[in-house]
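**Q** Here is a sequence with its predicted model. Questions after.
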Amino acid sequence: MKKPYSSISMQETIKLISAVGDRISVLVQGEMGCGKSSILKELALLHPNHTPCYVDITTKDVGDFLIPQIRTLDGTPVCSFIPNEEFGLHLGKPVILMFDELGKGSNAVKNACLTAIQERKLGVHKLPEGSIVFATTNLSVEGVGDSILPHSRNRMCTVKMRKHTGEEWRWNYAQNAGVDPVVIATVIEHPAMTASFEDYERPEMNEYINDPRVSRAAFVTFRSLEKASDILKACREFPEDVLTHALFGVIGERATMDMMNILKLSNTMPAWSEIINNPITTAIPPNGAAVCLIISKALSNVEGTTFASWMQYMARLPKEAQALFAMSVMSSKSPKRSIAVTNRDFTEWAVNNGYLFN
């Protein structure tokens, strides 16, 4: 059984970095594809006066940090060092400096990062006051080359970030990013897709995910799910065998079979135009997975001009589905939240159905 403090969520990780990152550098450890790289974007939203600066350590050598500049001082040639513009020091305002894949850098490169990590400096150049510094790395047990020596770890606060659950991923990212409803519904229907390999004694107990104890050419991560979404959007009309083959290449065989089943179910669902034009007579989905698809479709497509019609149709769905739509749209960071709160039909529904949220 895991200890309750063995890992923290992505949102908790972001809050921690936001709170202490100007003084203490946080090292975020997590499984591949779990969303570590997207932390920078979320921090930038919380700190709009900072400039986000992404530094991919896998592409860096020591000479990429500072370059020499020859100048004269009282007539005497001297050498000073200028920081790479990737670090944002030339902008004159606070930065959010992310050292991505820190554990995959050479020891020399990792040492070059330490002054920024510990002292908020690059050479003699100080980061602007209030700058936030953090780093990411994969789990060492994943066997992808991540290693950080004790003297480096001692300069940071190391945290382990767990994967999103399927519901967290849907509400915190997928809906707002426009991930295909079929992909979202598949993940909700099969929660093992977002599990950690550390939860299983044997790799064959979960065939969806990456497990360092076996070799899998393709598997489910939040990154590969987004690629599957792109494939579905671009290739929906392709022959089934071609679409299936393409999905195999990003999420693996087991996940592809389940996603194709959801896709076939979605093809039997009423079109969005049919729902909007005939909200009272259009058929209601026959089961939970189908309802989830309809809700995801609505969250992706509903606009101010179609909200009233959607509310008429939604009123015919099970109360749990209505609550799911309401909670999802209110937690959204997209303009759809503003549309909802200013829509009379939605606000009346919220007043009449407040008990669903108690």
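**A** Yes, it's here.
**Q** which stretches of the stretch 101-250 of the chain form helices?
**A** If DSSP state H, counting those that start in this stretch is used as the criterion, the helices of the stretch 101-250 of the chain fall at 107-114, 150-153, 166-169, 175-177, 181-189, 222-235, 240-251.
**Q** got a markdown table for the ones you listed, with distance to Val329 and mean pLDDT too?
**A** For the C-beta atoms, the positions are set from N, CA and C on the backbone; glycine is no exception. Listed next are the helices of the stretch 101-250 of the chain as a markdown table, based on distance: least, CB to CB, whole Å; pLDDT from 0 to 100:
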| stretch | distance to Val329 | mean pLDDT |
| --- | --- | --- |
| helix 107-114 | 42 | 92 |
| helix 150-153 | 42 | 91 |
| helix 166-169 | 15 | 87 |
| helix 175-177 | 9 | 80 |
| helix 181-189 | 14 | 90 |
| helix 222-235 | 20 | 96 |
| helix 240-251 | 27 | 97 |
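**Q** can I get those in JSON lines with mean neighbour count?
**A** Shown next, in JSON lines, are the helices of the stretch 101-250 of the chain (neighbours: other CB atoms under 10 Å):
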{"stretch": "helix 107-114", "mean neighbour count": "17"}
{"stretch": "helix 150-153", "mean neighbour count": "12"}
{"stretch": "helix 166-169", "mean neighbour count": "19"}
{"stretch": "helix 175-177", "mean neighbour count": "18"}
{"stretch": "helix 181-189", "mean neighbour count": "25"}
{"stretch": "helix 222-235", "mean neighbour count": "18"}
{"stretch": "helix 240-251", "mean neighbour count": "16"}
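**Q** So which of those is nearest Met259?
**A** helix 181-189 (4.6 Å; CB to CB).
**Q** what about dumping the CA coordinates of that closest one to PDB?
**A** Written as PDB, here are the backbone C-alpha positions of helix 181-189 (Å, rounded to 0.1, in the frame of the first residue of the first chain):
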ATOM      1  CA  PRO A 181     -14.500  13.300 -27.500                       C
ATOM      2  CA  VAL A 182     -13.800   9.700 -28.500                       C
ATOM      3  CA  VAL A 183     -10.400   9.800 -26.800                       C
ATOM      4  CA  ILE A 184     -11.800  11.400 -23.600                       C
ATOM      5  CA  ALA A 185     -14.700   8.800 -23.500                       C
ATOM      6  CA  THR A 186     -12.200   5.900 -24.000                       C
ATOM      7  CA  VAL A 187     -10.100   7.100 -21.100                       C
ATOM      8  CA  ILE A 188     -13.100   7.600 -18.800                       C
ATOM      9  CA  GLU A 189     -14.400   4.100 -19.700                       C
END
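**Q** between that helix and helix 240-251, how many degrees?
**A** 60 degrees (axes from the mean of the first three to the mean of the last three CA atoms, to 10 degrees).
**Q** Residues in contact with stretch 346-358: which ones?
**A** By CB atoms under 8 Å, 6 or more residues apart in numbering, the surrounding residues in contact with stretch 346-358 are Phe307, Met311, Ala315, Lys319, Gln322, Ala323, Ala326, Met327, Ala340, Val341.
**Q** let's go with 6 Å and repeat that
**A** Contacts with stretch 346-358, where a contact means CB atoms under 6 Å, 6 or more residues apart in numbering, come from Ala323, Ala340.
**Q** mind listing the strands in this structure by residue range?
**A** 25-30, 51-56, 66-73, 76-83, 95-100, 121-122, 125-126, 132-138, 156-160 (DSSP state E).
**Q** and Lys297, which of these is closest to it?
**A** For the strands of the chain, proximity to Lys297 was assessed by CB to CB; strand 25-30 is nearest, at 31.0 Å.
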